[in-house]
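1. I'll drop the sequence and a predicted model, then ask my questions.
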Amino acid sequence: MMKRQSLSSSAENHIAVFQETTIRRIWHNEEWWLSVVDVCAVLTESLDAAAYWRKLKQRLNEEASQPVTFCHGLKLPAAYGKQRETDCANTEGLFRII
């Protein structure tokens, strides 16, 4: 279950915690968008969640689901702090992926 966080500091506005794992997020178009790679890491316990997401996205494209329609590249902080474009999805998009 995702822990509820106060919105008092900007750091808390960009990170959610799920099963003690960080999930990067951003407020975009009046809703939260979460990093798909971070969600994949939590749900699959994959050693390389980015590779897992790339392969899943490829399979979805082959099935004509076109994840680009519900995933957007938004800038989130990378592990080393620099902003990088990351595939993000809102709640509806994440449920479609799952």
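-> Arrived safely.
2. Please tell me how far the residue nearest in space to the middle of the chain sits from residue 22.
-> Geometric centre of the chain, nearest residue: residue 35, 1.5 Å, by CA atoms, centre = their mean. Separation of residue 35 from residue 22 (CB to CB, to the nearest Å): 9 Å. Where C-beta positions appear, they are placed from N, C-alpha and C, glycine not excepted.
3. so what's the residue nearest to the centre of the chain closest to, chain neighbours aside?
-> Once flanking residues are discounted, residue 35 sits nearest to residue 24: 4.3 Å by CB to CB, 6 or more residues apart in numbering.
4. before we move on, back to that, just read off the phi/psi values of the residue nearest to the centre of the chain.
-> phi -70, psi 120 (degrees, to the nearest 10).
5. Bridge partners for it, pull those for me.
-> Beta-bridge partners for residue 35, by DSSP bridges, are residue 88.
6. now the longest helix along the chain: how far from the chain's centre is it?
-> If each helix of the chain is counted by residues according to DSSP state H, the longest one is helix 49-62. Mean-position distance between helix 49-62 and its chain equals 14 Å (CA atoms, centre = their mean, to the nearest Å).
7. Packing partners of that helix?
-> When contacts are defined as 3 or more CB pairs under 8 Å, 6 or more residues apart in numbering; DSSP states H and E, helix 49-62 sits against helix 36-44.
8. Report the angle between the helix it packs on and helix 49-62.
-> 100 degrees (axes from the mean of the first three to the mean of the last three CA atoms, to 10 degrees).
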